[in-house]
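[1] Let me see the structure of the following:
(4 chains)
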There are 4 protein chains.
Amino acid sequence: MQNHTITIAPRYAETDKGGVVHHSVYPVWFEMGRTELLRADGIAYKDLEARGIFFVVAEMRIKFRRPAFYDEELLLETTCSNITAGKVEHTYRLTRRGTGVLLAEGSSVLACVNAEGKVRRVPEFIYPKEPTKKRQAAEA
Amino acid sequence: MQNHTITIAPRYAETDKGGVVHHSVYPVWFEMGRTELLRADGIAYKDLEARGIFFVVAEMRIKFRRPAFYDEELLLETTCSNITAGKVEHTYRLTRRGTGVLLAEGSSVLACVNAEGKVRRVPEFIYPKEPTKKRQAAEA
Amino acid sequence: MQNHTITIAPRYAETDKGGVVHHSVYPVWFEMGRTELLRADGIAYKDLEARGIFFVVAEMRIKFRRPAFYDEELLLETTCSNITAGKVEHTYRLTRRGTGVLLAEGSSVLACVNAEGKVRRVPEFIYPKEPTKKRQAAEA
Amino acid sequence: MQNHTITIAPRYAETDKGGVVHHSVYPVWFEMGRTELLRADGIAYKDLEARGIFFVVAEMRIKFRRPAFYDEELLLETTCSNITAGKVEHTYRLTRRGTGVLLAEGSSVLACVNAEGKVRRVPEFIYPKEPTKKRQAAEA
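    As a prediction, the model looks like this:
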């Protein structure tokens, strides 16, 4: 699955004195979106970490179009836009339920690291190794 | 040292739509107060954790007297009120700098656990073992 | 309704380097519990604020019994334990779904304030005014 | 002043179970950097809001180079890179004190809004109006 949508109701503690959700909350929601996209594919992220596979955010971009308010109903659509042996990319679209008004868009790049924080290859069950010519020949 | 005061300037992200600091931020500040009280005694809490000694909050009480506002100057006084082999207790007083108006008071009880989360004795350099009668006799 | 239970899945951002949910997150969850208890009674808290009725936390107590972990399934039971003209009291029980193990218990006292932060009476639709003797006599 | 550096010590509550500072904390720090850059120019952001002038984040980009750890000493350099009548742009560099190792870089675009959230011109004391030809002629 490349695409998954979750529902979000902004918490009171997520708002600021400007009366809207603080912008630092969006990366937290995006992370929830990635977790549920992964779960929809049958993988619990906590199980990955238990096996020493950590995904860390290497880059994040967010465009804040319109404010989000306390206790309204939002939809966050998370799309896995690209996977390579070295990184996993996602895009995000946050909209207001019902009207569909776009509140924010974003993208992120994740790197894969081991328990010591060293960069490692994205696991094969997420990004399968391509068969080598030799193996292709043997299989032919 | 039993007592230490730090200065706090509430961050924008710590406020909520009510225009004041959200009450969930106070435990974060209290933790900062404990860290600096410990450091004033020559101990960095991160060094304790590196040695497998963790202090976890077992109980917390807070009375919120008056709201705290964005970017004002506050004083947090942290007092270590009691130490036993099993727990460390603190009290907290948050006041407005200048006027001294009391904004909040609190108390907490910490337990000591090891890296696996099992309860252990408070380290001797924090709570010295009492000499046994035998040792007392030998020393006499 | 005096009592309501919500499901909580701890977010990654809610954990700390100790590997468990940071204790400052519990007041955020308790607030969510109160919001849903109120909604189960047909009242949206945001509507109260829109009408200039704010409930602020005057006191909070929490006992942390066992740690909560990332992405596990928790149940938070919120009980409205007492209402007077001056305050609303709640108690909280956080348990692990399935086993029912108790992770934390707490209580809070809310005061009611207006948009300027001045203490006001708890609204009549939440705490009805008692009839005065005069009115009681008239009604008799 | 175009440039200002603040010192940051990551709080315990800002770390996550991966043992490092959660990426959602960086926007909070960047905001602190902007506030202090503004203050170094003699302007308290809270005074702007009190006058109905709000700056909201319209866009943010962050590259996370290396993790930040609990209670280490970091330097955040905030630069005001561009101001127009419609927006204010900043860049950020987060480094480890002493070694100068780069932990993160970022940029943001702020828009200016009034108390109702409507976009307005950046105030003249921040972005002076250019003299019109007429005034220029009069001054010549």
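[2] drop to CA atoms for contacts and neighbour counts, all remaining ones
    Fine.
[3] Convert the C-alpha atoms of the longest helix anywhere in chain A to PDB, please.
    Longest among the helix segments of chain A by residue count, using DSSP state H, is helix A:26-40. Extracted C-alpha coordinates of helix A:26-40, given in PDB (Å, rounded to 0.1, in the frame of the first residue of the first chain):
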ATOM      1  CA  TYR A  26       2.600  18.700  12.400                       C
ATOM      2  CA  PRO A  27       5.800  16.500  12.300                       C
ATOM      3  CA  VAL A  28       4.200  14.500  15.200                       C
ATOM      4  CA  TRP A  29       1.100  14.000  13.100                       C
ATOM      5  CA  PHE A  30       3.100  13.100  10.000                       C
ATOM      6  CA  GLU A  31       4.900  10.400  12.100                       C
ATOM      7  CA  MET A  32       1.500   9.000  13.200                       C
ATOM      8  CA  GLY A  33       0.600   8.900   9.500                       C
ATOM      9  CA  ARG A  34       3.700   6.900   8.600                       C
ATOM     10  CA  THR A  35       3.100   4.500  11.500                       C
ATOM     11  CA  GLU A  36      -0.400   3.800  10.300                       C
ATOM     12  CA  LEU A  37       0.600   3.500   6.600                       C
ATOM     13  CA  LEU A  38       3.200   0.900   7.700                       C
ATOM     14  CA  ARG A  39       0.600  -0.900   9.900                       C
ATOM     15  CA  ALA A  40      -1.800  -1.000   6.900                       C
END
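[4] So what's the gap between whatever helix or strand comes next after that helix and the chain middle?
    Scanning the chain past helix A:26-40 towards its C-terminal end, the next helix or strand to appear is helix A:45-50 (assignment: DSSP states H and E). Relative to the mean C-alpha coordinate of its chain, helix A:45-50 is positioned 15 Å out (C-alpha atoms, centre = their mean, to the nearest Å).
[5] Need the residues that contact helix A:45-50.
    For helix A:45-50, the surrounding residues in contact (C-alpha atoms under 8 Å, 6 or more residues apart in numbering or on different chains) are A:T35, A:L38, A:R39, A:F54, A:A115, C:Y70, C:D71.
[6] Go through those residues and say which is closest to A:G106.
    Distance ranking of the contacts of helix A:45-50 against A:G106, using C-alpha to C-alpha, places A:T35 first at 16.0 Å.
[7] What does the pLDDT read for the closest one?
    Residue-level confidence at A:T35 comes out at 98, pLDDT.
[8] thinking it is in contact with A:F55, fair?
    No: judged on C-alpha atoms under 8 Å, A:T35 makes no contact with A:F55 at a distance of 10.9 Å.
[9] can you tell me how far the residue nearest in space to the middle of chain A sits from A:G117?
    If you average the C-alpha coordinates of chain A and look for the closest C-alpha using C-alpha atoms, centre = their mean, you land on A:R34, 3.1 Å from that point. In this structure, A:R34 and A:G117 are separated by 20 Å, where distance is defined by C-alpha to C-alpha, to the nearest Å.
[10] Distance check, A:A68 against D:A50.
    Taking C-alpha to C-alpha as the measure, A:A68 and D:A50 are separated by 22 Å.
[11] before we move on, back to that, can you put the contacts of helix A:45-50 in CSV and add neighbour count and distance to D:Y12?
    Formatted as CSV, the entries for these read as follows, by neighbours: other C-alpha atoms under 10 Å in any protein chain shown; distance: C-alpha to C-alpha, whole Å:
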residue, neighbour count, distance to D:Y12
A:T35, 21, 24
A:L38, 19, 28
A:R39, 14, 29
A:F54, 25, 20
A:A115, 14, 20
C:Y70, 20, 17
C:D71, 16, 20
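[12] Would you mind listing what in chain A touches chain B?
    When proximity is defined by C-alpha under 8 Å from any C-alpha of the partner chain, chain A lies next to chain B at A:Y12, A:A13, A:E14, A:T15, A:D16, A:K17, A:G18, A:G19, A:V20, A:H22, A:S24.
[13] ok, and of those residues, which contact chain D?
    Contacts with chain D within the residues of chain A next to chain B, counted by C-alpha under 8 Å from any C-alpha: A:S24.
[14] quick one: contacts for the nearest residue to A:V113 once chain neighbours are set aside?
    Sequence neighbours aside, A:V119 is the residue nearest to A:V113 in space, at 4.2 Å (criterion: C-alpha to C-alpha, 6 or more residues apart in numbering or on different chains). By C-alpha under 8 Å, 6+ apart, the residues touching A:V119 are A:A111, A:C112, A:V113.
[15] now A:H4
    Contacts were defined as C-alpha under 8 Å, 6+ apart; by that measure A:H4 touches A:G33, A:E36, A:L37, A:A40, A:E77, A:T78, A:T79.
[16] For chain C, see how far away whichever residue of chain A sits closest to chain B is.
    Across chain A, no residue is closer to chain B than A:D16, which sits at 3.9 Å (C-alpha to the nearest C-alpha). Spatial separation of A:D16 from chain C under the definition C-alpha to the nearest C-alpha, to the nearest Å is 14 Å.
[17] pretty sure that residue contacts B:F69?
    No: here A:D16 lies out of contact with B:F69, judged by C-alpha under 8 Å, at a distance of 11.4 Å.
[18] which one of these two has more residues nearby?
    More neighbours surround A:D16 than the other of A:D16 and B:F69, with 25 against 21 (other C-alpha atoms under 10 Å in any protein chain shown).
[19] What does the residue lying closest to that one once chain neighbours are set aside show for phi and psi?
    Taking C-alpha to C-alpha, 6+ apart, and ignoring the residues beside it in sequence, A:D16 has B:D16 as its nearest neighbour in space, at 3.9 Å. In terms of degrees, to the nearest 10, the main-chain angles of B:D16 are phi -130, psi 180.
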